[in-house]
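K.L.:
quick one, fold the following:
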Amino acid sequence: MADAVLTSLTASNLFDLSGVVAVVTGGGSGIGLMIASTLLANGATVYIIGPKQADLDRVANAYNDAAEKASKPGRMHGIEGDIRLKSEALRLAEEIGKREKHITVLFNNAGVLSGSFKKPSVASADAFRKAYFDEVPESSFDDNLRTNAIGPYWLTFAFLPLLEKWTQNPEGSRFAPQIVMTSSMNGWTKDPATAGSSFPYMYSKSAIGHATSSLAHELLPLGIRVNGIAPGLFITEMSAPGSADAIGQSRLPPDYVASFEVPVSRPVDQGAQRAGTNKDMGALVLFLVANWFVDGETVLIDGGVSHVLALGVRLYP
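P.N.:
Down below sits the predicted model:
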């Protein structure tokens, strides 16, 4: 009996995602690709959504070829779409519904960052108005809020029928259906230096952070969970433009300097600049998919930045 218990608790059993069908918006790069590649590596069928079909196909083909060579059952498929639009949310759900009877998890991950300001060097009302008002276009609020917060709302409800059908799947009892929102530590941090100096971005991430718990409460009668991921510094095209290679993996540029310091160190030093990795993100993704007993929570994965800032320690140069 004890041996059966131990076998059931092995990582290979806990995180075997065979049969899981996942949808990841923004899945062709950055944190979305970290999520999608982790799901694929552990046996899931993954649909990645992004703005350009050619880019999605290139990434999907690279990972599918690798999975086939390694005899892994997971596969990745790309579908072009504009996740900001209500009409596109319906179209995407219908398109995936033609290919799959149900889905297990929707990752509302796609995000943008724009509308950054340059901090004024003079403490005057005129200087602050120029930096925070004159230099920030109205379109930045539109783009950030529609992509990072409003789009996930449309997608959540458009995909509900496919998530509900997962509960009717005879093999669907292994993992409970779920929606996972990519928020950010910037939904809670007060200093915009941690958010690319963009108030539109901070506003949008605050909105999706609150929406996660609200939607979890609202969807309780359906048995569909809603949780969130709040990343800190991960090296992606958003944090380090031009850092991605041919298969979408971003590497730390040698001259990269962040506007803040991450206090938690890695077990093995990989340079002065500390940042989260695909393994860090992947481990959290597996936990959320496999654990049906967590609902309405947003998990901070920021290397301790929020904790230190809460203590009033300033980490900026």
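K.L.:
need the contact list for Lys130.
P.N.:
Listed by Cβ atoms under 8 Å, 6 or more residues apart in numbering, the contact set of Lys130 reads Pro120. Quick note: C-beta positions are derived from backbone N, CA and C, even for glycine.
K.L.:
could we number from 5 for the rest of this?
P.N.:
New numbering, starting at 5: the last item is Lys134.
K.L.:
gap between it and Trp158?
P.N.:
36 Å (Cβ to Cβ, to the nearest Å).
K.L.:
how close does the nearest residue to His221 once chain neighbours are set aside sit to Ser91?
P.N.:
Taking Cβ to Cβ, 6 or more residues apart in numbering, and ignoring the residues beside it in sequence, His221 has Gly300 as its nearest neighbour in space, at 6.5 Å. Look at Gly300 and Ser91: by Cβ to Cβ, they are 29 Å apart.
K.L.:
between those two, which is the more surrounded one?
P.N.:
Gly300 (16 against 10; other Cβ atoms under 10 Å).
K.L.:
ok, the more buried one touching Asn231?
P.N.:
Yes. At 7.0 Å, Gly300 counts as touching Asn231 under the criterion of Cβ atoms under 8 Å.
K.L.:
all the helices of this structure, residue numbers only.
P.N.:
6-12, 15-18, 34-45, 57-73, 90-103, 129-133, 142-149, 155-162, 164-171, 203-222, 282-294, 309-314 (DSSP state H).
K.L.:
could you tell me the least trusted of these?
P.N.:
Confidence, taken as mean pLDDT, is least for helix 309-314 of those (a mean of 63).
K.L.:
setting aside sequence neighbours, what's the nearest residue to Phe145?
P.N.:
Ranked by Cβ to Cβ, 6+ apart and with sequence neighbours excluded, the top spatial neighbour of Phe145 is Pro204, at 4.6 Å.
K.L.:
check contacts around the one you found.
P.N.:
118-119, 140, 144-145, 147-149.
K.L.:
out of those residues, which are buried?
P.N.:
The neighbour-count test (16 or more other Cβ atoms under 10 Å) applied to these identifies 118-119, 140, 144-145, 147-149 as buried.
K.L.:
on that earlier part again, quick one, phi/psi of the residue nearest to His221?
P.N.:
phi 80, psi 20 (degrees, to the nearest 10).
K.L.:
okay, buried residues for stretch 225-242 please.
P.N.:
For stretch 225-242, by 16+ other Cβ under 10 Å, it's 228-240, 242.
K.L.:
picking that back up, in a markdown table, list the helices of the chain along with distance to Lys194.
P.N.:
Listed next are the helices of the chain as a markdown table, based on distance: least, Cβ to Cβ, whole Å:
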| stretch | distance to Lys194 |
| --- | --- |
| helix 6-12 | 44 |
| helix 15-18 | 37 |
| helix 34-45 | 23 |
| helix 57-73 | 35 |
| helix 90-103 | 32 |
| helix 129-133 | 16 |
| helix 142-149 | 18 |
| helix 155-162 | 24 |
| helix 164-171 | 35 |
| helix 203-222 | 9 |
| helix 282-294 | 24 |
| helix 309-314 | 7 |
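K.L.:
out of those, which gets nearest to Val27?
P.N.:
helix 90-103 (6.4 Å; Cβ to Cβ).
K.L.:
and Trp158, how many neighbours?
P.N.:
21.
K.L.:
quick check: closest non-adjacent residue to it.
P.N.:
In space, Trp158 is closest to Ala93, 3.8 Å off (Cβ to Cβ, 6+ apart).
K.L.:
tell me the pLDDT at Pro321?
P.N.:
You'll see Pro321 listed with a pLDDT of 46.
K.L.:
for burial, what's the neighbour tally of Lys105?
P.N.:
Using other Cβ under 10 Å, Lys105 has 12 neighbouring residues.
K.L.:
can you give me the distance of it to Arg62?
P.N.:
Noted for Lys105: a distance of 28 Å to Arg62, by Cβ to Cβ.
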